[in-house]
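>>> What follows is a predicted structure for the sequence shown.
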Amino acid sequence: MRGATVRVLVAALGVCADASAWAQATAPQPLIYTCVNAAGKKLTSDRLIPECSDREQRVLNSDGSVRKMIGPTLTADQRAIAEAEAKEIEAREARKREAIRSDRNLMNRFPNEAAHNKARAKALDDINASLKVSETRLAALAKERKPLTDEAEFYVGKPLPAKLKAQLDANDTAVEAQRVLVQNQKLESVRIDQNFDAELERLRKLWAGASPGSLGALPAPSTPVAAKVQASASAVKK
């Protein structure tokens, strides 16, 4: 009887030992954080070390083996720089996609130089037609003004009648507007030619085998032309 009791106790102790070993094996293992701070001192902790937020920290297992590495924590300024760099990369990629799309559209519109030349001629014909209308209107205004100036000669040294003055002023305003319009139309003709020149230069490279998007963005219309439009309008008004 006594022997049986001893065997039971030994078995029970064995079960307890196995359970304890299993618990130890399955329990979360503590992690060790370690780094060397700016002063060269090695620091160790059971959590991230604030003094090493600007440098790499090693995370060790309980046996001392390296589990992983944690990079430095970014400051607000560093995050702002990183975000700005990410946005610039995104914008650069967007510009590249747009350049590819633009080049493909350009090649679809103009499969050859003859098609491009035809489009240039059509655009210039349209602006020249508008210019001719404006010049015709200027000639008509000059014709309308002659009898008014002839009548005004009778009032040299005297105030003009209100009606005659109003007619002369209206003619002056209309002439000024038409002159500005003519100047702008001439400058627009130059701008159109510049745009088609830039397109043709790009198309020739694309037709020769350049990949869409590889030439960068298509240059914007020449800004000096737009500036001259404003300058000419101001000069006429003065």
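In hand now; what should we look at?

>>> can you pull the buried residues of the strand or helix carrying Glu90?
Counting by DSSP states H and E, the element that carries Glu90 is helix 76-109. Residues of helix 76-109 classed as buried by neighbour count (16 or more other CB atoms under 10 Å): 99, 102-103, 106. Where you see a C-beta, it was placed from the backbone N, CA and C, and this is true even at glycine.

>>> how far off helix 76-109 does the helix or strand following it point, in degrees?
From helix 76-109 onward toward the C-terminus, using DSSP H and E, the following helix or strand is helix 113-152. On the basis of axes from the mean of the first three to the mean of the last three CA atoms, to 10 degrees, helix 113-152 is oriented at 90 degrees to helix 76-109.

>>> Show me what helix 113-152 packs onto, helices and strands only.
helix 162-207 (3 or more CB pairs under 8 Å, 6 or more residues apart in numbering; DSSP states H and E).

>>> Compute the distance from the centre of the helix it packs on to the centre of its chain.
30 Å (CA atoms, centre = their mean, to the nearest Å).

>>> which other helices and strands contact it?
helix 76-109, helix 113-152, helix 223-237.

>>> Could you dump the buried residues of helix 76-109 into a markdown table with pLDDT and distance to Lys42 added?
Converted to a markdown table, the buried residues of helix 76-109 look like this (pLDDT from 0 to 100; distance: CB to CB, whole Å):
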| residue | pLDDT | distance to Lys42 |
| --- | --- | --- |
| Ala99 | 92 | 53 |
| Ser102 | 93 | 58 |
| Asp103 | 95 | 58 |
| Leu106 | 95 | 63 |
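
>>> nearest to Leu203, of the residues you listed?
Nearest to Leu203, judged by CB to CB, of the buried residues of helix 76-109 is Leu106 at 6.4 Å.

>>> Please report how far the closest one lies from Lys165.
55 Å (CB to CB, to the nearest Å).

>>> Any figure for the gap between the nearest residue to Leu218 once chain neighbours are set aside and Glu93?
Counting by CB to CB, 6 or more residues apart in numbering, Ser102 is the residue found nearest to Leu218 once chain neighbours are left out, at 5.8 Å. Ser102 is 15 Å from Glu93, where distance means CB to CB.

>>> likewise Ala140?
Taken as CB to CB, the span from Ala140 to Glu93 is 56 Å.

>>> and the closest residue to Arg95 other than its chain neighbours, how many neighbours?
The shortest distance from Arg95 to any non-neighbouring residue, by CB to CB, 6+ apart, is to Ala217 (6.1 Å). Burial measure for Ala217: 12 neighbouring residues, criterion other CB atoms under 10 Å.

>>> Where does pLDDT dip in this structure?
Where the chain drops to pLDDT under 70, the residues are 1-29, 219-238.

>>> Walk me through the domains of the chain.
Listed domain ranges for the chain are 30-73, 92-237 (source: automatic domain parsing).

>>> Give me the most central residue, the chain.
Nearest to the mean C-alpha position of the chain, by CA atoms, centre = their mean, lies Ala91 at 5.6 Å.
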